[in-house]
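>>> Sharing a sequence plus its predicted fold:
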2 protein chains.
Amino acid sequence: MEFESFLVSLGTSAVIFVVLMLLFTWLSRRPGNVSVYYPNRILKGMDPWEGSSLTRNPFAWIREAFTSTEQDVVKLSGVDTAVYFVFLSTVLGIFALSALLLLPTLLPLSATDNSLKTSRNVTDTTSNGTFSQLDNLSMANITRRSSRLWAFLGAVYWVSVVTYFMLWKAYKHVAALRAEALMSSEEVLPEQYAILVRDIPSPPNGETQKEFVDSYFREIYPETFYRSLVVTENSKINKIWENLEGYKKKLARAEAVFAATSNRPMNKTGLLGLVGERVDSIDYYTKLINESVAKLEAEQRTVLAEKQQTAAVVFFTDRVTAALAAQSLHCQMVDKWTVTEAPEPRQLIWENLKIKFFSRIVRQYLIYFLVAITILFYMIPIAFVSAITTLGNLQKALPFIKPIVEIAFIRTILQSYLPQIALIVFLAMLPKFLMFLSKSEGIPSQSHAIRAASGKYFYFSVLNVFIGVTLAGSLFDNLKALETKPNSIVTVLATSLPKNATFFLTYVALKFFVGYGLELSRIIPLIIFHLKKKYLCKTEAEVKEAWYPGDLSYATRVPSDMLILTITFCYSVIAPLILVFGVIYFGLGWLILRNQALKVYVPSYESYGRMWPHIHTRILAALFLFQLVMFGYLGAKLFVWATLLVPLIFISLIFGYVCRQKFYKGFEHTALEVACRGLKQRPDLEEVFRAYIPHSLSTHKGDDHQFKGAMSRYQDYAAISAA
Amino acid sequence: MEFESFLVSLGTSAVIFVVLMLLFTWLSRRPGNVSVYYPNRILKGMDPWEGSSLTRNPFAWIREAFTSTEQDVVKLSGVDTAVYFVFLSTVLGIFALSALLLLPTLLPLSATDNSLKTSRNVTDTTSNGTFSQLDNLSMANITRRSSRLWAFLGAVYWVSVVTYFMLWKAYKHVAALRAEALMSSEEVLPEQYAILVRDIPSPPNGETQKEFVDSYFREIYPETFYRSLVVTENSKINKIWENLEGYKKKLARAEAVFAATSNRPMNKTGLLGLVGERVDSIDYYTKLINESVAKLEAEQRTVLAEKQQTAAVVFFTDRVTAALAAQSLHCQMVDKWTVTEAPEPRQLIWENLKIKFFSRIVRQYLIYFLVAITILFYMIPIAFVSAITTLGNLQKALPFIKPIVEIAFIRTILQSYLPQIALIVFLAMLPKFLMFLSKSEGIPSQSHAIRAASGKYFYFSVLNVFIGVTLAGSLFDNLKALETKPNSIVTVLATSLPKNATFFLTYVALKFFVGYGLELSRIIPLIIFHLKKKYLCKTEAEVKEAWYPGDLSYATRVPSDMLILTITFCYSVIAPLILVFGVIYFGLGWLILRNQALKVYVPSYESYGRMWPHIHTRILAALFLFQLVMFGYLGAKLFVWATLLVPLIFISLIFGYVCRQKFYKGFEHTALEVACRGLKQRPDLEEVFRAYIPHSLSTHKGDDHQFKGAMSRYQDYAAISAA
C-alpha cells in the first residue's frame, strides 16, 4: 500500500469519527433521546442531566469521564466494569511507557539505515517491491547483522519488563477491588450465603431428594445450615410461564390500544396473527391468561413433587460458613456431593445444574476438541457451503429466483460475493456458536460461560485474523522454505510481519475511529429505538424494552480488544509507529467506554472481577507470541544475539506461573478473611432464599393481583422446603 | 544361562529359605528371643505367647496370619499397614487371575512353535545363541507374523482389564478404610482438631506473631477457634535437650554399674571417653545435667520470646471446623496464610515449617531436576569417584596403606573391586540421599517425605535396574539400529526383553526366597540384639532400645515390591512363567509380612492410607510400560494388528485420570461427611494442644522429679499461648 493511500484512509476514518462525535453532541442533548444516551442513570433512579451535560460546553462528557472515580464505576456499573477499565488503563500504560522509549530511539535508527533501498537496488528476493515512507521507519529497513539490532533486542526487553510491571500492579489492584466488593458491609448478597451442590446421589428409600439434602447438611453444619432449594426440571413450566408473560404483555397492549382509540382491538389466532379466526383481543388474552394460570398451578405442583433433580442450592446463616463449605470436600468420593460457590441467582444456568461430574468432564474435552477443529478448519464448511450454494444449485432448489439471476449484473455480483456472504454469516454467528458450545460444557453460571466463550473467541481471532492474514500473503512465496525446514513457521511468520505493517496500522485506526465513533454516537440503537417507539410500542413496558441498553458484552468486546493488543505487541518493535495507534485505541476506548459505562450500559451480572485472571493470561499469551515472533525475526536478520531472547521467553512463563500461584485461587474462591467482615444489618435469610426461586415457580413481578394462585404456589414451595 | 544353572540357583535359594524358616521356628520359641520376635505385642501390652505359638505345631504362625482380619491389622499396626496389605493382595489377585488364563493358553502355543530352532539353524542375527528349555516356553519361540500372536495380543488385554478391575476395587476399599479410620468415634486424634498455617505475614507493629495469629483466626472463627501454637526456631534448644537426655542416660547407666559392682564408675571427659581427665561418672553427669537444665530454662525463655517464626499450628474446638479450615483459602493472596491439615505431632518436620510458599515451589522443581539428573547420570559421579580412588591416588593420599597394597593378591582384588565398591556404597546411600532431597523440598510431614522419597526410588529402580539391565546387553548390538531409527527405543527394549527372561526369573526367586527368609527369621536383628545386650546394655532403657524394631520402612519396601511388579508385568505375556514367580512373591510376602506386622514392626506414623494414591499411580505406570513394551514387541514380530494396543494405552491414561478425579481429593483432605461423625467422649482440648509442644519446650518424660524447672517452662508456654 502506498503511503498516500494510507493517509487517505486514515483521514477518511478521522472525518467519520469527527462527524459521529458531533452527531453525538447534538443528539444526546435532545430530550427525546435521553433514554438512549442515559439509560443506566434513568434505571438507577438518577437525574440523567445531573451535572453539566446540558450546559453550553459540548465536551462536558469528557470532563465527566475523566473526573469519575473507580468507586463511581463500581457503584453505577459494578466491579466487572471497573475491572474492564483496569484492563484498558493497564494496556494503555504498557503501550505509553513502551512508546516513551521506543519511538525516540528506534525510529531514528530505522530511518537512517538503508536496507530497503539497497535490497531494492540489488533485487533481493525477500523484498516484495512495495517501498514506502512507512517501511523506512520500520525494522525492515535495518541491514542484516547490523549492530543497530541491539537496540531492537533491548526494546523487546523493555516492552516485556513494562508489561510484567503493569500486569503485576493490575493483578494486585484487581484483587483488592474484588476483596473490597466481597467484604462490603452495605449490601446483603444472596450468593454469599449459598453454595451450589451438584451430583447428589439417589436418596435412600422413602426419602425425597429434599429431605436427603437437608439431613446431609444438617448433620455437617448443625448450627449454621439454614435450608435448601432442590433444583427441579423446569423446562415445561418455564414454557407455560413464558406464554403467560407473553399473554399478559399482549393484554396490556390491547388495553392500551383500547384506551387510546376506544376501539376494541381484534387479532387473528393463527400463526403470527396472520391467519385464523378473528377474535376480540382483550377477551381472548384474558381467557388465555386464566387457562395458563391454571396450567401453571398444576405444573408447579407436579414439578415440586416429581421433578426434583440431583442438584440443590444450600443456604447458610452466615457468610463464613458458606465460603468454607464452598471450598471443602464433602464426600469421600469426589464425584458425589460436589460443591461450588453459588452464582448470582440471575446467572444460574438452571438446565446445566443436573449434569453429572464425569459427564461435565467429557463434555468439556469434547468441546475443546470441537473448538480446535473449528478454529483450524473453519474455512472448510464455508467452502462447502459456498460450493453447494453456487448459482446453478440455487436455481434448481429455488426456481423462483431464476428471473432475477438471469440479469447479468446481479449474476456477476452474486457469483463473486457468495463465498464472502457465507464467510460473513459464519463470522456473525460465531460468537453465538461459541457461547452455545461453552454452555454445553455444563457450566453452571452465565458469567463463567461468557468467560469460556470469550477465551475461545480470542484464540480464533488471533489465529485466523492476525496469523491468518499475515501468513496468507507470504505462505505461497515461502512454501519451498517451509518444505525444507518444516519447523520454521515462526520465522515465516516473523519475516512476513513487516510487509503487513501498513495493513494493520489501517486496521487499528479504522477500529478506533469508526468503531468508537459508532459506539459513542449510538446511531443504530437510536434509529431502532425511534422506529420501534413510533410504529410498534403501545405500552410503557414496551417502550422501556425498546431502549433497554443491555450490558457491555464482554464475550465479544474483550477478544476484539485483545486482537488489537496482540497486533500492537507484535509490531511494537518491528514498526514502533503502531504504538501511537495502540495508545489512541486504548486511550479513546477508556474515555468513550467510561461515558458509556456511567450512562448507558446496564450490567446483566456481577462476577466480582473473575474476568481478570482470564484477561491477564491472554495478555501474557500475546506477549509470549510477540517474544517468539521477535526471536524469529531477529534470527531472520541473522543477528546471533537473538538467542538472548530465550531467557525472556522463560521469564514470561515463570511470571505467568507465579501470578497464577499467587492470585488465582483468590478469584476462584472467596477468601475467608474477606468473608468474615461483619455486615451492618442482619441479613433477611428468607429474602436470600427467595432470590433463588425461579420466576416460574415463585410469585410474579408487578401487577398480578389476579394471579394469586401462582403466588400461593410460592408459599407451597416455601412450606415444602421448610419441611 | 542354561536351564540347569537356573534350576540349580532356584534350588539353592529354596534350600536357604527352608533353612531360614526352620531357624525361625526354632529361635522364635526360645524365651530369650521373645523381644526380637514379638516386640509389637509386648509394646501393645499383650501376651506375646498368646494363642498357640508355643504349642507343638511349628507352623502355627501361618494359621495365625491367615485367620487375622484386616481389623486386627488396623488395631495392631494402623491403617497404613492395612493399606500395604491391600496392595499385596491386589497385586496377588492381578497376577493370579492373569496366570489362570495365560498359563494354559500361552505356554502350549509357545511350546509347539519353533521359531528359535529355525532361526538357530539358519543363523538369524537376532538370536543370541543361548537356547534353553525356558526360552521354548516364551514368546520368543513364536514365528513372526504367526496368527498365534492373536492370543498374545488378547493376553495383554486380559492382563490390563484384570488390573483395572482390581485397582478400582482396591481404591474403593482403601477409601472406605480411610474414611472409617477418620470417622472413628473411639479415639481423639489431635491432628483432627488442628490445622497447619504457614507463610504468616509480619505482624503489625507492637503485636507478637502469637497475638497476630490469634486475632486473625478469632475473627474468622469466633466460636470454634481454640488457641494457637506458634512455631519457634528450636535448633539450639533441641541440641541442649538432646545433650540433657544423653547425660541422663549416661547417669542411669553409671548408677546401674554402681549398683551391680559397688565400684563407682569412672570415665574420661574428652573425645568419645578416650582422652582427657578421669572423673567420677555419677558426680560428673549429675553436674552436667544440672548445668543443662539451667541452660534449657534460659533458652526456653529466649525461644518463646524471640524465636517465633512464620508458621503456627491452630487448634479448633471441633473436627468439622478444622476439616473445613484446612481446605479453605484464608487470604486473598494465596501465598499468605496458607493452610493444610496438621500432620500428626510425631510426624511434623519442625524445621521445614518456616520455609516460604515460593521458596517451597522453587525447591521442589530444583529437586525434581536434581533427581532426574541423579537417575539419568548416576554412573558419572561413581566413575569419577572410582577414577580418583585408583590405587595410585590412594597411595599418595594415604601413604600408610602402601605396604598392604604391595601385596599382589590384595592389589588385584582392590583394583578389580574398587568401582563396584563405589557403586555399592552409592546404592546403599541412595535411599537416605533421596529422603534428604525430599525433606529439602520443604514438606511439613514425615509420611509425606517418605512418599516423595519412595516415588523417586521407584523411578530410579525401574529405569536403572530394569531398563538398564535389559538394555545394557543389547545396546551395543543394536547401536546401528538406533542410529538409523533414533526413536525405536521401545522396540529395542522390547526385543531385548526375552533374552533376559531367565535373569529376571532368577532375580525374583532370589528376592522371595532369600529376602523373605531373612525377613521372617530376623537373623541379623537377633544377632545384633544379643551382642548389644551382652556387651553394651546396662539399663532397662538400653535393652529396650536394642530390641526396638522400627517400622515397615515403606520408603524402600514399596519401591522394591514395585520393581518386582514392573518386571512381572512386562514379562507376563512374553514369558508367562514369571506369573508363577510373581504370585509366589506377593503371596509369600503377604503371609510373612502379616506375621511381621502383627508381631514385630511398630508403625512410626499414621497417615490413614495416604500412601495408596501413590501406589496406585505407580502400578498403573508399570502397566503402561508393559503395554508400551508389548506394542513394541508385537511390532518387532511384524504383527500388524499390534496397533490394536493403541486404544488400550489410551484406556490406561483415561482410567488413571478418572481414578484421580474420583478418589484423590478424598485422600488429600478429610471429607466433611467423615469429619462430622460424633465422638463418644468430649475431647480434652488441652491434651490435644499439649501433644504438639516439642519435647524440648515441654515437660520431660518419666522420672524427672529433679527437673521441675523445665516442667514449669511448659506452664509458661501454656500461659503465654493462652494470653
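Alright, I've got the coordinates.

>>> quick one, helices of the stretch 601-723 of chain A?
With DSSP state H, counting those that start in this stretch as the criterion, the stretch 601-723 of chain A has helices at A:611-636, A:645-659, A:665-668, A:672-675, A:685-691, A:708-722.

>>> so what's the nearest residue to residue A:136 once chain neighbours are set aside scoring on pLDDT?
Leaving aside its chain neighbours, residue A:136 sits nearest to residue A:111 (5.8 Å; criterion: C-beta to C-beta, 6 or more residues apart in numbering or on different chains). To be clear about C-beta, it is placed using only N, CA and C from the backbone, and glycine gets the same treatment. On pLDDT, residue A:111 comes in at 83.

>>> got the residue ranges for the strands in the stretch 201-350 of chain A?
Residue ranges of the strands in the stretch 201-350 of chain A, as given by DSSP state E, counting those that start in this stretch, are A:225-232, A:266-268, A:278-280, A:308-316, A:338-341.

>>> sorry, that was for the stretch 351-500 of chain A
Under DSSP E, counting those that start in this stretch, the stretch 351-500 of chain A gives no strands.

>>> can you list the residues of it near chain B?
Counting by C-beta under 8 Å from any C-beta of the partner chain, the positions of the stretch 351-500 of chain A adjacent to chain B are A:357-358, A:361.

>>> can you list these in CSV and add neighbour count and pLDDT?
Shown next, in CSV, are these (neighbours: other C-beta atoms under 10 Å in any protein chain shown; pLDDT from 0 to 100):
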residue, neighbour count, pLDDT
A:357, 17, 91
A:358, 13, 91
A:361, 16, 92
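
>>> Dump those residues into JSON lines; add distance to residue A:640 as well.
Formatted as JSON lines, those follow (distance: C-beta to C-beta, whole Å):
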{"residue": "A:357", "distance to residue A:640": "53"}
{"residue": "A:358", "distance to residue A:640": "52"}
{"residue": "A:361", "distance to residue A:640": "47"}
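
>>> which residue packs closest to residue A:580, ignoring adjacent ones?
residue A:99 (6.5 Å).

>>> right, and the one you found touches residue A:583 too?
Yes - counting by C-beta atoms under 8 Å, residue A:99 does reach residue A:583; the two are 6.1 Å apart.

>>> Please work out which of the helices of the stretch 601-723 of chain A is packed deepest.
Comparing these by mean neighbour count (mean count of other C-beta atoms under 10 Å in any protein chain shown), helix A:672-675 comes out on top with a mean of 24.

>>> Which residues outside it are in contact with it?
A:179, A:182-183, A:192, A:319-320, A:322-324, B:216, B:219-220, B:328-332, B:337 (C-beta atoms under 8 Å, 6 or more residues apart in numbering or on different chains).

>>> which of those residues are buried?
Those of these that meet the buried threshold are A:179, A:182-183, A:192, A:319-320, A:322-324, B:216, B:220, B:328-332, B:337, by 16 or more other C-beta atoms under 10 Å in any protein chain shown.

>>> What does the closest residue to residue A:342 other than its chain neighbours show for phi and psi?
With sequence-adjacent residues excluded and distances taken as C-beta to C-beta, 6+ apart, residue A:342 is closest to residue A:194, at 3.8 Å. Main-chain torsions, residue A:194, degrees, to the nearest 10: phi -130, psi 160.

>>> Point out where the stretch 201-350 of chain A drops to low pLDDT.
A:270-273 (pLDDT under 70).

>>> mind checking the SS state of residue A:549?
Recorded secondary structure, residue A:549: coil (DSSP: H, G, I helix; E, B strand; the rest coil).

>>> Quick check: it touching residue A:599?
No - between residue A:549 and residue A:599 there is no contact under C-beta under 8 Å: 9.3 Å.

>>> So for these two, which residues contact both of them?
A:39-40.

>>> picking that back up, so the residue nearest to residue A:580 is in which element?
helix A:70-111 (DSSP states H and E).

>>> okay, the angle between that helix and helix A:611-636?
0 degrees (axes from the mean of the first three to the mean of the last three C-alpha atoms, to 10 degrees).

>>> other SSEs contacting helix A:70-111?
Helix A:70-111 sits against helix A:39-43, helix A:149-182, helix A:554-571, helix A:578-599, helix A:611-636, with contacts defined as 3 or more C-beta pairs under 8 Å, 6 or more residues apart in numbering or on different chains; DSSP states H and E.

>>> what about the nearest residue to residue A:88 once chain neighbours are set aside, how many neighbours?
Once flanking residues are discounted, residue A:88 sits nearest to residue A:590: 4.4 Å by C-beta to C-beta, 6+ apart. A count of nearby residues for residue A:590, using other C-beta atoms under 10 Å in any protein chain shown, gives 18.
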